[in-house]
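J.: Sharing a model prediction with you, sequence too.
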Amino acid sequence: MKGILLGLGCTLAVGSGGLLAQDAAPAARLGNPAATLGRPVQPTVRAQAPDITPAVVQEAPKVMPKGAVGELSGPSVPGTLPVPSAVPKSGGPVVTVPSGPGTISGPVIIDPPGAVTGPVVGAPIPTGPVISDPIVGGCPVGGCPVPGGHQTNEGWYTSVEALLWYVKSYSVPPLVTTGPAFSGANMSTAGVTVLTSPSIDTNPRYGGRVTLGYWLSPQWAVELIAFYIRPGTDKFTAFSTQYPTLDLARPFFSANRGVESSEIVGRPGVASGFVRTDSESNFYGAELNARTRWLDGCTYHVDVFGGVRYLFLEERLTIEEQTRGLGQAGAFAGVSRFLTDEFATRNQFYGGQVGAVFTYVDGPWTLSLTTKVAAGVNRQTSRVGGGITQLGGGLPPTRPGGLLALSSNVGVHTQEKFSVVPEVGLNLGYDVTENLRVFVGYSFLYWTKVIRPGGQIDRTLDENRIPDFPAAPPITAVRPAPQLKTENLWAQGVNIGILWKW
């Protein structure tokens, strides 16, 4: 490169001085090479690219006459200096300039800016663009490869669960008491003990829940859910033989005399018998929803749904009593009877509901939270029944009814109440395969404005309505009165199940 620049410099110097006439022929025809300027020309050529013709070995340089270049004259002085052949550097482009008067012929090597001429030490420098996808909200720009935590929405899906639930117990008034002999064992007597529990508890409860759904498209599905809780029972029995020196009685409040009173079931030398309580609860429900994918992230998704819901709760409390008059019973000696009081309730909820399901996915693990709330009408039905069956001796009773179920409240009574049913569920699942998931969870359901058997019992009685009871002062009030007392119900428990997609 330095030789080329020197040759160009000399040519420009000679031309600008006007000392020599420039020959119109190319510099390549000159007999005297540029080496006459005093620099020897190498007889060999460095390695060149295949498409570059090797330079011709120049003849030996002649000695330059003394003096400056400007002092030279005569026709022997060349107008231009030939440019020595150049060897292209590795990696640089080769530019060929067309021949002509005053031009340089032959290849010219142009070094690329910033080219490295020495050896490169270290890791190779990337020659292509480096692309780094930014992360926004946990997802690369452009979206997730598979949205929704790698969940696909297509085809059928179903789940089957085993339930272990606890349902809120309900309160009942004192049903069976025992106390000192001949005291009547009523609630106002000292030393009286209530034998029955103040609440009826039918827990734990076992059941199942089934879900069947179908994705009409990746965004929409229809889903049917149904659950059933097996009937739970709570039983109690007390025999007079367990309390041979005490009174065994069924207490009530006398509206006629305004005091606590009772009916004797067992008394030393007067009566013997037993009292038994039996309760049962039946609970199930179903819902039909339209479900849609509302939000889809890389590791989570949110579905919202709406539909209709139905709940059914039927409960029954039965009080059975059997007595036999002993020698000191007077006219009732040898008389044996079986008495029944029954209080049954039914709640049927019909309503619409909305809800949402939040699902978080981490590999094969899935955590889902379901919330829903339904609002509608609860149709309530209360059925009260009672009677006495003559087992032996004596005459049949002169009045209908038992003790707490008498002519004033026996029958079927209905009403409708606005009710709300919120529910929440949390499930932790593990995907065994692409189509099979096992999971465990917890559910909590709340149901407002329900009726239950304990709330239908009116323990204030008109003694003149009790079969075969002695006459009492008359009253104008209708007691026991039919009543439909409402309360709120909750049910909660754990579940374990499997989910299958196909």
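T.: Arrived safely.
J.: How about the secondary structure of Asn464?
T.: Assigned with DSSP: H, G, I helix; E, B strand; the rest coil, Asn464 falls in the helix class.
J.: so it makes contact with Pro474?
T.: Yes: assessed by C-beta atoms under 8 Å, Asn464 is found in contact with Pro474 at 6.4 Å. Yep, even glycine has a C-beta here, placed from its N, CA and C like the rest.
J.: mind giving me the domain split of this protein?
T.: Annotated domains of the chain cover 1-112, 149-501 [automatic domain parsing].
J.: tell me the mean pLDDT for the first one?
T.: Here the mean pLDDT over domain 1-112 is 44, rounded to a whole number.
J.: hmm, back to that, Asn464 and Pro474: who's more crowded?
T.: Asn464 (16 against 9; other C-beta atoms under 10 Å).
J.: returning to what we had before: any chance you could list residues touching both of Asn464 and Pro474?
T.: Asn256 (C-beta atoms under 8 Å, 6 or more residues apart in numbering).
J.: Going by mean pLDDT, which of the domains of the chain comes out lowest?
T.: Checking each of those, the one with the poorest mean pLDDT is domain 1-112, at a mean of 44.
J.: Which parts of the stretch 101-250 of the chain are helices?
T.: For the stretch 101-250 of the chain, the helices defined by DSSP state H, counting those that start in this stretch cover 147-150.
J.: can you map out the strands along it?
T.: Using DSSP state E, counting those that start in this stretch, the strands assigned to the stretch 101-250 of the chain run over residues 107-109, 135-136, 139-140, 155-167, 170-171, 177-180, 193-194, 199-200, 205-215, 220-239, 246-254.
J.: hmm, back to that, and the domains of the chain, which is most packed in?
T.: Highest mean neighbour count of the domains of the chain: domain 149-501, a mean of 18 (counted as mean count of other C-beta atoms under 10 Å).
J.: contacting residues around Arg383?
T.: With C-beta under 8 Å, 6+ apart, Arg383 has these contacts: 342-346, 411-413.
J.: same thing but at 6 Å, please
T.: 344, 412 (C-beta atoms under 6 Å, 6 or more residues apart in numbering).
J.: coming back round to it: compare the strands of the stretch 101-250 of the chain and report which one is nearest to Val275.
T.: Counting by C-beta to C-beta, Val275 lies closest to strand 220-239 out of those; the figure is 5.2 Å.
J.: Neighbouring strands - and their directions - for the closest one?
T.: strand 205-215 (antiparallel), strand 271-296 (antiparallel) (DSSP bridges).
J.: now the angle from that strand to strand 155-167?
T.: Counting by axes from the mean of the first three to the mean of the last three C-alpha atoms, to 10 degrees, strand 220-239 points 30 degrees away from the direction of strand 155-167.
J.: Just give the nearest non-adjacent residue to Gly273, would you?
T.: Excluding the flanking residues, the one nearest Gly273 by C-beta to C-beta, 6 or more residues apart in numbering is Thr323, at 3.7 Å.
J.: any idea how far Glu263 is from the one you found?
T.: As for Thr323, its distance to Glu263 is 9 Å (criterion: C-beta to C-beta, to the nearest Å).
J.: cool, and Gly352?
T.: Gly352 sits 48 Å away from Glu263, going by C-beta to C-beta.
J.: again, but for Gly208
T.: Per C-beta to C-beta, Gly208 is found 43 Å from Glu263.
J.: Likewise for Ser183?
T.: On the measure of C-beta to C-beta, Ser183 and Glu263 end up 14 Å apart.
J.: hmm, back to that, residues contacting the residue nearest to Gly273?
T.: 265, 271, 273.
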